[in-house]
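Participant: Quick one, what's the 3D model for this:
(one chain, ligands or ions: 1)
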Amino acid sequence: MHEDVVVAQWSLQVEEVRKSYGTREALKGVSLTVRPGEFVALLGPNGAGKSTLFQLLTGLFNADGGVVRVCGHDMQREPVRALGRIGVVFQQMTLDLDLSVEANLVFHARLHGIAGRESKARIADALQRLGLSERAHDRVRELSGGNRRKVELARALVHKPSVLLMDEATVGLDPASRRQLLDEVLALREGGVGILWASHLVDEAEEADRVIVLHRGKILAEGTPQSLVAASGVASLAEAFMTMTEGGEPSSGSLQSSK
Ligand SMILES: Nc1ncnc2c1ncn2[C@@H]1O[C@H](COP(=O)(O)OP(=O)(O)OP(=O)(O)O)[C@@H](O)[C@H]1O
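Facilitator: Sure, this is the predicted structure:
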């Protein structure tokens, strides 16, 4: 019950998180929140600290200071509960290329304690949602880059997470595949999933409910895409981002609409 009450308020809370590598401060006190059903774009140029933040959010290592809570569960004190509510797609592909699509998802479901009929049904649902039902028995190696990413998204959804973390998930995809993946993730808002989408591609943030700009380990700005543009006194989000990060080399890319 307590859990449900917390879920209704925040999917993800990050408070004053710090992380250094030796003397290099990668995160200098970062705070952010994601609400259920909210798509938050975390924009930062290379080296901003996005991957470090995602490693903390996925429990790969602990922060030097600060707190991460997933649906109210403290990542350090209740890691199993916190991690159980997270779905993640990492920058680097983490599928087994020689297993079938379905086998990759079965393995993941088991890790989350889901087996038997329940596992089958959830995997079938996830694959159907992403238009991959007919590829279930193909080896991942036979899939295009875009479909591999979709399999990773399906896998991230099998245990019905409250928070979805996407770390530069469109790297290496062509514009149409990027657009498709983004559309699939944007659609998850309707189910109440809170999404943190990290990218250095400004156009991927255009449809976000909120944009957070991370630069050199600090949050520089936060707001709707429109409010960031207005506050910067420029014409576009790309220009606002460039102004804020002082030529931090954003790539605008181009997203073709798949609609
Ligand atoms: N293992 C490490 N050892 C030392 N420094 C590191 C390590 N990992 C990251 N850094 C440094 O920490 C800072 C943040 O890096 P991080 O990879 O988190 O940024 P990023 O925003 O994800 O960038 P990119 O998109 O290039 O991966 C950078 O200055 C980077 O050089």
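
Participant: My read is that Gly131 contacts Lys150, right?
Facilitator: Yes. Gly131 is within contact range of Lys150, at 7.5 Å (criterion: CB atoms under 8 Å). Where C-beta positions appear, they are placed from N, C-alpha and C, glycine not excepted.

Participant: Neighbour count: those two, which is higher?
Facilitator: Of the pair Gly131 and Lys150, Lys150 is the one with more neighbours under other CB atoms under 10 Å, namely 25 against 13.

Participant: count of neighbours near Gln226?
Facilitator: 11.

Participant: Pull the distance from stretch 182-192 to the chain's centre.
Facilitator: From the chain centre to the centre of stretch 182-192 is a distance of 12 Å (CA atoms, centre = their mean, to the nearest Å).

Participant: residues of it that come out buried?
Facilitator: Leu182, Glu184, Val185, Leu188, Arg189 (16 or more other CB atoms under 10 Å).

Participant: need the residues of this structure near the ligand, please.
Facilitator: Along the chain, the residues adjacent to the ligand under the rule CB under 6 Å from any ligand atom are Tyr21, Arg24, Ala26, Gly44, Asn46, Gly47, Ala48, Gly49, Lys50, Ser51, Thr52, His200.

Participant: could you redo the last one with a cut-off of 8 Å?
Facilitator: Contact residues, the chain versus the ligand (CB under 8 Å from any ligand atom): 21-22, 24, 26-27, 44-55, 91, 167-168, 198, 200, 214, 216-217.

Participant: And the buried residues of stretch 182-192, which is closest to the ligand?
Facilitator: Distance to the ligand across these (CB to the nearest ligand atom) is lowest for Leu182, with 17.7 Å.

Participant: domains of the chain?
Facilitator: If you go by automatic domain parsing, the domain ranges for the chain are 1-85+164-253, 96-160.

Participant: Next, format the ones you listed as JSON lines and append mean pLDDT.
Facilitator: Shown next, in JSON lines, are these (pLDDT from 0 to 100):
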{"stretch": "domain 1-85+164-253", "mean pLDDT": "90"}
{"stretch": "domain 96-160", "mean pLDDT": "95"}
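
Participant: What segments of the stretch 151-259 of the chain are helices?
Facilitator: Secondary structure of the stretch 151-259 of the chain (DSSP state H, counting those that start in this stretch): helices at 175-187, 225-232, 237-244.

Participant: Restricting to C-alpha, output the first one in CSV.
Facilitator: Taking only C-alpha atoms (Å, rounded to 0.1, in the frame of the first residue of the first chain), the coordinates of helix 175-187 have been written out as CSV:
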residue,chain,number,x,y,z
PRO,A,175,16.7,8.3,-38.6
ALA,A,176,13.5,6.3,-39.3
SER,A,177,14.5,3.6,-36.7
ARG,A,178,15.3,6.4,-34.2
ARG,A,179,11.9,7.9,-34.8
GLN,A,180,10.2,4.6,-34.4
LEU,A,181,12.0,3.8,-31.1
LEU,A,182,11.2,7.3,-29.8
ASP,A,183,7.5,6.9,-30.7
GLU,A,184,7.3,3.6,-28.9
VAL,A,185,8.8,5.1,-25.8
LEU,A,186,6.7,8.2,-25.9
ALA,A,187,3.6,6.0,-26.1
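
Participant: Fine, thanks again, bye for now.
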